[in-house]
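*Asks:* I need the structure of the sequence given here:
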Amino acid sequence: MKKRKNENQLIVQEADRQIVLMVLSQVVIIIISVLPYTLYEIYALATQNSIKSVQQQLQDGFTSAVLNFFATLEFGVSRTLFLLVFHYVYFNYFSFFISV
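*Replies:* Below you'll find the model as predicted:
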């Protein structure tokens, strides 16, 4: 009985580690993908009243579009990864608790 309790605790600890790793990886991915766009927006606000050439306006628009794409891509990728990892964790660890 005591051995089974220790095994259950190990399974719970492993599941907890997996969940913490998932959350931390989500935070890192979000910061990496959103930070450049945020910095660009700060630049855009700081320079909105300055006179810019057509080339500078085109460069700013292109930079905004690329950074916005990566921020949007992060949203889809992080949700997809979360669902895949959650599916794995659920069927490998949490199903254990349902059967007990």
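
*Asks:* next structured bit after the helix or strand where Asn6 lies?
*Replies:* Taking DSSP states H and E as the criterion, Asn6 maps to helix 2-46. Heading C-terminal from helix 2-46, the first helix or strand you meet, by DSSP H and E, is helix 54-89.

*Asks:* endpoint to endpoint, stretch 40-52 covers what distance?
*Replies:* 16 Å (Cα to Cα, to the nearest Å).

*Asks:* list the buried residues in that stretch.
*Replies:* Tyr40 (16 or more other Cβ atoms under 10 Å). C-betas here are computed from N, CA, C, even on glycine.

*Asks:* now swap in stretch 15-31 and tell me
*Replies:* By 16+ other Cβ under 10 Å, the buried positions in stretch 15-31 come out as 15, 18, 26, 29.

*Asks:* let's have those residues in a markdown table, adding distance to Ala44 and pLDDT.
*Replies:* Listed next are the buried residues of stretch 15-31 as a markdown table, based on distance: Cβ to Cβ, whole Å; pLDDT from 0 to 100:
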| residue | distance to Ala44 | pLDDT |
| --- | --- | --- |
| Ala15 | 44 | 74 |
| Gln18 | 40 | 79 |
| Gln26 | 27 | 78 |
| Ile29 | 24 | 80 |
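
*Asks:* okay if I get those residues as a markdown table plus distance to Gln59?
*Replies:* Below are the buried residues of stretch 15-31 laid out as a markdown table (distance: Cβ to Cβ, whole Å):
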| residue | distance to Gln59 |
| --- | --- |
| Ala15 | 48 |
| Gln18 | 43 |
| Gln26 | 32 |
| Ile29 | 27 |
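
*Asks:* okay, among the residues you listed, which ones form the most distant pair?
*Replies:* Ala15 and Ile29 (21.2 Å; Cβ to Cβ).

*Asks:* before we move on, back to that, the helix holding Asn6 vs helix 54-89, what angle?
*Replies:* Using axes from the mean of the first three to the mean of the last three Cα atoms, to 10 degrees, one finds that helix 2-46 and helix 54-89 are set 170 degrees apart in direction.
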